[in-house]
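Q: A structural model of the following input is requested.
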Amino acid sequence: MAEDIRKLFGKNLRKIRGAQKISQEELAFRCGLHRTYVSSVERGERNISLENIQKLAEALEVSMKDLIPEE
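A: Here you go, the predicted structure:
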């Protein structure tokens, strides 16, 4: 179950980032995270903290709930 939610979160993150035409490197710079960390989150390999969800949401100018999968 936890792996599924991580993959869904990563898919949402990648979709929003892609729609804004922002590279992983640019997103990482904007929120003070490493590019490889952002990449691993998008692949569903990380159990991301609330603090980092907030950083990503702020960098993408979306709400935290937009990144959280509903399923």
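
Q: what helix or strand is the residue nearest to the spatial centre of the chain on?
A: Residue closest to the average C-alpha location in the chain (C-alpha atoms, centre = their mean): residue 13, at 4.0 Å. Assigning secondary structure by DSSP states H and E places residue 13 in helix 2-19.

Q: ok, residue 53 next?
A: Taking DSSP H and E as the definition, residue 53 sits inside helix 50-60.

Q: what angle separates that helix from helix 2-19?
A: Relative orientation of helix 50-60 and helix 2-19, computed by axes from the mean of the first three to the mean of the last three C-alpha atoms, to 10 degrees: 20 degrees.

Q: please read off the pLDDT at residue 67 from the model.
A: Reading off the confidence values, residue 67 has pLDDT 94.

Q: list the contacts of residue 57.
A: Contact partners of residue 57, counting by C-beta atoms under 8 Å, 6 or more residues apart in numbering, are 63, 64, 66, 67. C-beta coordinates here come from the backbone N, C-alpha and C atoms, glycine included.

Q: just give me the neighbour total for residue 47.
A: By the criterion of other C-beta atoms under 10 Å, residue 47 has 11 neighbours.

Q: now residue 14: closest residue in space that isn't a chain neighbour?
A: Leaving aside its chain neighbours, residue 14 sits nearest to residue 42 (4.7 Å; criterion: C-beta to C-beta, 6 or more residues apart in numbering).

Q: scratch that, residue 8 is what I was asking about
A: Excluding its sequence neighbours, the residue lying closest to residue 8 (C-beta to C-beta, 6+ apart) is residue 69, at 3.6 Å.

Q: near that neighbour, how many other residues are there?
A: Quick note: residue 69 (other C-beta under 10 Å) scores 14 neighbours.
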